[in-house]
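Visitor: Build me a model from this:
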Amino acid sequence: MRYVSILLVVLTVYTTGCAHRSTITPSGEQPTPPSLPNGATQPLPEKPNPTTGKNEQEIFLDKDLDTLYEEADAGVVQVSDPIAPLNRAIFYFNDKLYFWVLKPVARGYRYLIPTPVRIAVKSFFYNLTTPVRVVNCVLQGKLSSAGRELTRFVVNSTVGMLGFVDIAQNYPQLSVKEEDFGQTFGTYGIGNGFYVVWPILGPSTLRDSVGMIGDRFLNPVTYVQPIEAAIGVAAYEKVNDTSFRIGDYEAIKDASLDPYAAIRDAYIQHRRKKTEE
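Guide: Numbers count the residues shown, from 1 in each chain. A predicted model of the protein is given here:
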C-alpha cells in the first residue's frame, strides 16, 4: 500500500502533463467554452509559427505542437466522454495551476539556466527511462527496437557521461520511438475506454491511466529514497521539460473556441498515431 501511495504522489508531480496543455487568458480570466454534447469534437485552430522567440536547439527539441497538428489533419477520432462536465472542471483547475505555479517557475528557470544545460538534463532523464521503452518494445514484439534502446543506453551512459550527452543521436541507425504501456495495451487491441482529465496529470484515457502505473514501476525515479527526494527529482524534471514548451499550448488555447475539445481531440489523435507505429 505504501508503494501505491508513493506512485500516486510521484505520478502527480511528474506528469504535470497538462503543464504545456493548460493555460488561461492574459487577463487571468478563463473563457467559458461553448456547450458541446458528449463526444463532440472541435477542430484545432490555425497553426501558429512555432519558431517565434526560440533558438535552434529549442525548436529541435520542441516538436510536439507540430506533431499534434499533423495528426489532427489526418482526421478526428471519436472518444467516449461521459464525464465531460467533471473533466472540464479539472481542465480549468489544471489551467490555473499551470499559469500560477508551473509556468512562472519554468520561465524563471529558463532565464537562469543556459539552454545547453537544460538540454543535457533533458537527455539525462530520457536516458534514465530506457527500461520503460525496452520492456514495452519487448512486449510489443519489437525486438530490434529493444536492441537499439539498449545500445543507446550503453553508449549514452558511458561515452555520453550518464546520458547528459546524447551521443547516440549522431547515429541514425540508433533512432528510437517513444513506447509505453498505454501503447502496448493498444497493440493488444484494448480500446481507449473513456476520456479522462486527471488533476495535475492532464489528459488521458482509461487505458492510458492504467498504463501510467506500469510505466512508473519501471521508472528509476520512483525508487529514489526518501520520498521527498523522489518528488523533488520528478518536479525538477517537469520544470526542465516545461522550459522548452512554454507557449505551445497557449497558442492552441488562445485560438480555440473550445480549448478543452481541441486538446481532447489532439490527444486522442496523438495516442492513436503512437499506437499504430
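
Visitor: what sits against the residue of the chain most remote from its centre?
Guide: The outermost residue of the chain, judged against the average C-alpha position, is Val159 (27.7 Å), by C-alpha atoms, centre = their mean. Residues near Val159 by C-beta atoms under 8 Å, 6 or more residues apart in numbering: Val165, Ile167. No exception for glycine: its C-beta is placed from N, CA and C like everyone else's.

Visitor: what's it sitting at in phi/psi?
Guide: Dihedral angles of Val159 (phi, psi; degrees, to the nearest 10) stand at phi -60, psi -30.

Visitor: same thing with Ser256?
Guide: Main-chain dihedrals, Ser256, degrees, to the nearest 10: phi -100, psi 140.

Visitor: What of Ser80?
Guide: phi -70, psi 130.

Visitor: what does Gln140 give?
Guide: phi -90, psi 0.

Visitor: tell me, how many neighbours does it end up with?
Guide: 17 (other C-beta atoms under 10 Å).

Visitor: Could you find the closest non-adjacent residue to it?
Guide: Excluding the flanking residues, the one nearest Gln140 by C-beta to C-beta, 6 or more residues apart in numbering is Thr187, at 5.1 Å.

Visitor: separation between the one you found and Arg272?
Guide: As judged by C-beta to C-beta, to the nearest Å, Thr187 and Arg272 stand 12 Å apart.

Visitor: Burial check on Ile231, number of neighbours?
Guide: 18.

Visitor: let me fix that: Glu228
Guide: Glu228, neighbours per other C-beta under 10 Å, totals 10.

Visitor: Equivalent analysis for Tyr111, please.
Guide: Tyr111: 8 neighbours (other C-beta under 10 Å).

Visitor: Next up, the contacts around it.
Guide: By C-beta under 8 Å, 6+ apart, Tyr111 has no neighbours at all.

Visitor: Doesn't it belong to a strand?
Guide: No - Tyr111 is assigned helix when assessed by DSSP: H, G, I helix; E, B strand; the rest coil, not a strand.

Visitor: For it, give its distance to Phe164.
Guide: 21 Å.

Visitor: can you check Glu178 too?
Guide: 20 Å.

Visitor: Return the per-residue confidence for the residue nearest to Gln140.
Guide: pLDDT for Thr187: 95.
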